[in-house]
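Q: test case, fold it:
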Amino acid sequence: EQITKRRAALATGLYRAAKEVWPTTGSEAGILDLWVADKGALAEGAGPYPLLTEGAVDVFKGVPLGKTLRGDPITAPLMERNTITGGMPGQGKSSSARVILAGASLDSTAEIRIGVPDSNFDFELFRPRCSRYVMGAEDEKIAQILDDLRELDAEVQERGALLIQHQEPAVTRKLADAGIGLHPLFYLLEEAHIAIQHKIYGKEISELLISIVKLGRKRGIHLIVSTQAPTKDSMPRDVTRNCSNGVAFAVGDHVANDALLGQGAYSAGHRATELIPGVDKGTALCKGLSGERSDIVQVYFISIAKGRDELTPIIERSLEAIAKRGTGVPGTTRPARQAEPD
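A: Below you'll find the model as predicted:
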């Protein structure tokens, strides 16, 4: 930990960028395992998204997120988890949420809901795959996001009752396939700080997010919160505490760093503050994805640009898989509830 705290100085002495040097504890406490990349070897990023043209996903096994600095593919665990992703504008937070949702979309049992309290195109291409989609900065759009969160919070309780009925502590693959309303559900709140700080609806939105993030995970509900560098005013502490997956792109201070990676992360040397805006775009310090306390991950990039749209073919492929199941887009029709046994 003492060396990790001075990783930038260590990297300088080795004529490397900070992200090209990664010290960890070896096979025992007295052994340092020091990994050093070839100079400039990380400039090319993670490479193409592995499910770009083929392949399906089982969200119970996770989704591809990117590659570690060592070049090892890393999978983001999703079930019984929640995710917070953030950083300075333009560094990759929305792109990382897009990668997670693209993977979830390729599981034909997964339901996708998206709320964007802003006017942007980042998630428009997911619209055909969503059971709920709201985009816009107007008060009525924020109110609609609030209604969707109220509905989701009510569903948390409904799913709890279903688990009791089926005598299971958490959603399993078998229950997800049964068509009884316990399928995996992913809700993304993009630019969450805008909704949370709304002068009329923000307080209730914050309360609902806390409730969902605390109780939803065992019930097959995964909340993804995407925000710019969070503060105590823009992100409730109980939300960040209950997001076991943290994805931190370049941030400006230790407050935002610890809000994304957990209290004490900065002092222990896990510092997204060392990532350089622009230079390290697409590179994030992540917690909860592996057995390590943190990993530096180069996140896959899925283009949505006109003329280079890589997401639409993924969505079309996911819709074809759903059509083969004959169930319709998950969440667009409410499943029939089984009668409670007498």
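Q: ignoring the adjacent residues along the chain, who's closest to residue 279?
A: Excluding the flanking residues, the one nearest residue 279 by Cβ to Cβ, 6 or more residues apart in numbering is residue 17, at 8.0 Å. All C-beta atoms are positioned from the backbone trio N, CA, C, and that covers glycine.
Q: and the pLDDT for that neighbour?
A: Note for residue 17: predicted pLDDT of 84.
Q: right, and it touches residue 8 too?
A: No - the criterion here is Cβ atoms under 8 Å, and residue 17 misses it with residue 8 at 9.3 Å.
Q: what's the burial count for the residue nearest to residue 279?
A: The burial count assigned to residue 17 is 20, neighbours taken as other Cβ atoms under 10 Å.
Q: low-confidence stretches in the stretch 101-250 of the chain?
A: By pLDDT under 70, the stretch 101-250 of the chain has no low-scoring segment.
Q: show me which residues of stretch 66-73 are buried.
A: 66, 67, 68, 69 (16 or more other Cβ atoms under 10 Å).
Q: quick one: secondary structure of the first one?
A: The local conformation at residue 66, judged by DSSP: H, G, I helix; E, B strand; the rest coil, is strand.
Q: give the bridge partners for it, please.
A: Beta bridges link residue 66 to residue 74, residue 299, judged by DSSP bridges.
Q: and the pLDDT for it?
A: Note on residue 66: pLDDT of 96.
Q: where exactly do the helices run in the stretch 201-342 of the chain?
A: 202-215, 237-241, 254-261, 311-325 (DSSP state H, counting those that start in this stretch).
Q: and among these, the most buried is which?
A: Ranked by mean neighbour count, the helices of the stretch 201-342 of the chain are led by helix 254-261 with a mean of 24 (mean count of other Cβ atoms under 10 Å).
Q: give me phi/psi at residue 84?
A: phi -120, psi 130 (degrees, to the nearest 10).
Q: measure the closest residue to it other than its chain neighbours to residue 230 for me?
A: The spatial neighbour of residue 84 that comes closest, neighbours along the chain excluded (Cβ to Cβ, 6+ apart), is residue 243 at 4.0 Å. Distance, residue 243 to residue 230, using Cβ to Cβ, to the nearest Å: 11 Å.
Q: higher neighbour count, the two?
A: Between residue 243 and residue 230, counting by other Cβ under 10 Å, residue 230 is the more crowded of the two (27 against 24).
Q: once you drop chain neighbours, what's closest to that one?
A: Here the residue nearest residue 230, using Cβ to Cβ, 6+ apart, is residue 259, at 4.2 Å.
Q: my guess is that neighbour meets residue 235, correct?
A: Yes - with contacts counted by Cβ under 8 Å, residue 259 reaches residue 235, the gap being 6.1 Å.
Q: overlap in contacts, those two.
A: Here residue 259 and residue 235 share the contacting residues residue 84, scored by Cβ atoms under 8 Å, 6 or more residues apart in numbering.
Q: can you lay out the buried residues of stretch 66-73 as TSV showing distance to residue 269?
A: Converted to TSV, the buried residues of stretch 66-73 look like this (distance: Cβ to Cβ, whole Å):
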residue	distance to residue 269
66	21
67	22
68	17
69	15
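Q: and the two most separated of these?
A: Spanning the widest gap among the buried residues of stretch 66-73 are 66 and 69, at 10.3 Å by Cβ to Cβ.
Q: what do these two both touch?
A: Shared contacts of residue 66 and residue 69, defined by Cβ under 8 Å, 6+ apart, are found at residue 298.
Q: just to check, residue 116 is in contact with residue 135?
A: Yes - taking Cβ under 8 Å as the definition, residue 116 is a contact partner of residue 135 at 4.3 Å.
Q: overlap in contacts, these two.
A: Contacts common to residue 116 and residue 135, judged by Cβ under 8 Å, 6+ apart, are residue 123.
Q: those two - which one has more neighbours?
A: residue 116 (26 against 20).
Q: do I have it right that residue 268 meets residue 1?
A: Yes - counting by Cβ under 8 Å, residue 268 touches residue 1, with 5.8 Å between them.
Q: so which of these two has more stuff around it?
A: Using other Cβ under 10 Å as the criterion, residue 268 and residue 1 rank with residue 268 on top: 15 against 11.
Q: coming back round to it: and for residue 243 and residue 230, which residues touch both?
A: Common contact partners of residue 243 and residue 230 (Cβ under 8 Å, 6+ apart): residue 84.
Q: ok, which stretches of the stretch 1-150 of the chain are strands?
A: Using DSSP state E, counting those that start in this stretch, the strands of the stretch 1-150 of the chain run over 21-25, 32-36, 63-68, 73-76, 83-87, 111-116, 130-135.
Q: for residue 164, find the nearest of those strands.
A: Short answer: strand 111-116, nearest of the strands of the stretch 1-150 of the chain by Cβ to Cβ, at 21.3 Å.
Q: now that closest one against helix 311-325, angle please.
A: Between strand 111-116 and helix 311-325, the angle comes out at 150 degrees (axes from the mean of the first three to the mean of the last three Cα atoms, to 10 degrees).
Q: mind giving me the packing neighbours of strand 111-116?
A: Judged by 3 or more Cβ pairs under 8 Å, 6 or more residues apart in numbering; DSSP states H and E, strand 111-116 is in contact with helix 93-105, strand 130-135, helix 139-165, strand 185-189.
Q: with distance to residue 36 added, can I get the ones you listed in JSON lines?
A: Below are those laid out as JSON lines (distance: least, Cβ to Cβ, whole Å):
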{"stretch": "helix 93-105", "distance to residue 36": "26"}
{"stretch": "strand 130-135", "distance to residue 36": "44"}
{"stretch": "helix 139-165", "distance to residue 36": "45"}
{"stretch": "strand 185-189", "distance to residue 36": "36"}
